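1. Sharing a model that was predicted from the sequence below.
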Amino acid sequence: MYKLNEELKKYIKDNFDKQELSPPLFYNTELGIRFELGEDSPYIEEKHYMNRVYYRSITLFKEIFSFNDSIYLVWFVKPDRKMKATGVLKKYIKNSALKYCLSVEKIRREGEVFLKMALKCHVKDIKIEKMLEAIANQDMNIHPKLGCECYFINTKKKIIYYMYDDRGLDVVANSVDKLIPIYKQYSEWVLPYDKKEIISKLGL
């Protein structure tokens, strides 16, 4: 039987020196960038706010991933939530047969139990824009919503993309050379609170 979770654990350990993925990814990883997606203003309209969130999240995703790239798609959910393991796949995976390639295991993190689900596929197999919008909507009164903790891993580039909600997302890598071009291209989107730490980590 194909042990995807074992393969994934080895990949994370070998490339990021981590035992497991967990938030906040930026603070739990040596090299990373934290981007701001929303605009912290009491006067901005929700539609304008969310359009900016969608635009930035999708733009950054396309900067890191190409259509044919191989990826690990990993998501965590508490088992008491009314969600089947294949719940994410139904709406956001183009080929329904991929649900048979899904790996599921229970993990314990800080005293809580989570279902960890993993799929190895290609970017082209995922309805990326729809999925990112649903992640961004999780704390808003907007549907669709996807309340899972989702990670997209570019297997070749060794870069992890993690959008935690409409506020922001983390991009981490195993090499500073992979992050510097992204930082320079989108430096205006970097979260101001962490900018000094990011500059220091990147050696800029």
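-> Done, it's in.

2. My guess is Asp69 contacts Cys121. True?
-> No: taking CB atoms under 8 Å as the contact criterion, Asp69 and Cys121 are not neighbours in contact, 10.1 Å apart. From N, CA and C alone the C-beta is placed, and that goes for glycine too.

3. how about the strands in this protein?
-> Ranges of strands within the chain are 32-36, 70-77, 103-109, 112-122, 149-154, 159-165, 168-173, based on DSSP state E.

4. so can I have JSON lines of the ones you listed showing mean pLDDT?
-> Shown next, in JSON lines, are the strands of the chain (pLDDT from 0 to 100):
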{"stretch": "strand 32-36", "mean pLDDT": "97"}
{"stretch": "strand 70-77", "mean pLDDT": "94"}
{"stretch": "strand 103-109", "mean pLDDT": "89"}
{"stretch": "strand 112-122", "mean pLDDT": "92"}
{"stretch": "strand 149-154", "mean pLDDT": "97"}
{"stretch": "strand 159-165", "mean pLDDT": "97"}
{"stretch": "strand 168-173", "mean pLDDT": "97"}
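
5. and of the ones you listed, who's closest to Phe61?
-> Taking CB to CB as the measure, these were each checked against Phe61, and strand 159-165 came out nearest at 6.1 Å.

6. gap between the residue lying farthest from the centre of the chain and Met163?
-> Among the residues of the chain, the one whose C-alpha is farthest from the average of all C-alpha positions is Tyr43, by CA atoms, centre = their mean at 28.6 Å. Here Tyr43 is placed at a distance of 24 Å from Met163 (CB to CB, to the nearest Å).

7. Please apply the same query to Lys124.
-> In this view, Lys124 and Met163 are 20 Å apart by CB to CB.

8. With neighbour numbers in mind, choose between these two.
-> Met163 (26 against 13; other CB atoms under 10 Å).

9. what's the spacing between the more buried one and Ile180?
-> Distance, Met163 to Ile180, by CB to CB: 21 Å.

10. what's the longest helix in the chain?
-> Secondary structure of the chain read by DSSP state H shows that its longest helix is helix 46-64.
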